[in-house]
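Trainee: need a structure here:
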Amino acid sequence: QVQLVESGGGLVQAGGSLRLSCAASGLPFSSYRMGWFRQAPGKEREFVAGIGGSGGNTYYADSVKGRFTISRDNAKNTVYLQMNNLKPEDTAVYYCAADLYGPRWVPNAMNYWGKGTLVTVSS
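Mentor: Okay, here's the model as predicted:
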């Protein structure tokens, strides 16, 4: 079955960096667009960044543009999220998601989800 496993979360001070990874199995990885979403306590899950199957197209929420970079390694079935200049408002559980068809980057459009990894940014 399809599995998405996130890693790399943790506690970091404001201004610091983290790199999240999501290892996928059970699906033709390069055929799927991959996204990162996040959910803060008491808030709805929101889109953070997305990448097309070939890696050529990337998409970002306005709140993370210029600070976060999404990438993928199709040989390793892994998608990454490099997060720089982190802010306390970036604190959330970060989820990896996969979708075959697109085009919208919204939670209910994604086919598969990981269980999430917690990112905490202290001020």
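Trainee: Report the contact partners of residue 22.
Mentor: 4, 5, 6, 7, 34, 36, 78, 79, 80, 81, 96, 114 (CB atoms under 8 Å, 6 or more residues apart in numbering). Yep, even glycine has a C-beta here, placed from its N, CA and C like the rest.
Trainee: That one pairs with what?
Mentor: residue 6, residue 79 (DSSP bridges).
Trainee: Could you measure from it over to residue 33?
Mentor: Going from residue 22 to residue 33 by CB to CB, to the nearest Å gives 13 Å.
Trainee: Same question for residue 41.
Mentor: 28 Å.
Trainee: And stretch 38-56, what's buried?
Mentor: Across stretch 38-56, burial judged by 16 or more other CB atoms under 10 Å covers 38, 45, 47, 48, 49, 50, 51, 53.
Trainee: so which of those residues comes closest to residue 118?
Mentor: Comparing those against residue 118 with CB to CB places residue 38 closest, at 10.1 Å.
Trainee: Now do the contacts for the closest one.
Mentor: By CB under 8 Å, 6+ apart, residue 38 lies in contact with 45, 46, 48, 90, 92, 93, 94, 95, 119.
Trainee: what about the residue lying closest to the last one once chain neighbours are set aside, how many neighbours?
Mentor: If the residues on either side of it in the chain are set aside, residue 119 comes closest to residue 9, at 4.8 Å by CB to CB, 6 or more residues apart in numbering. Taking other CB atoms under 10 Å as the criterion, the count of residues near residue 9 is 18.
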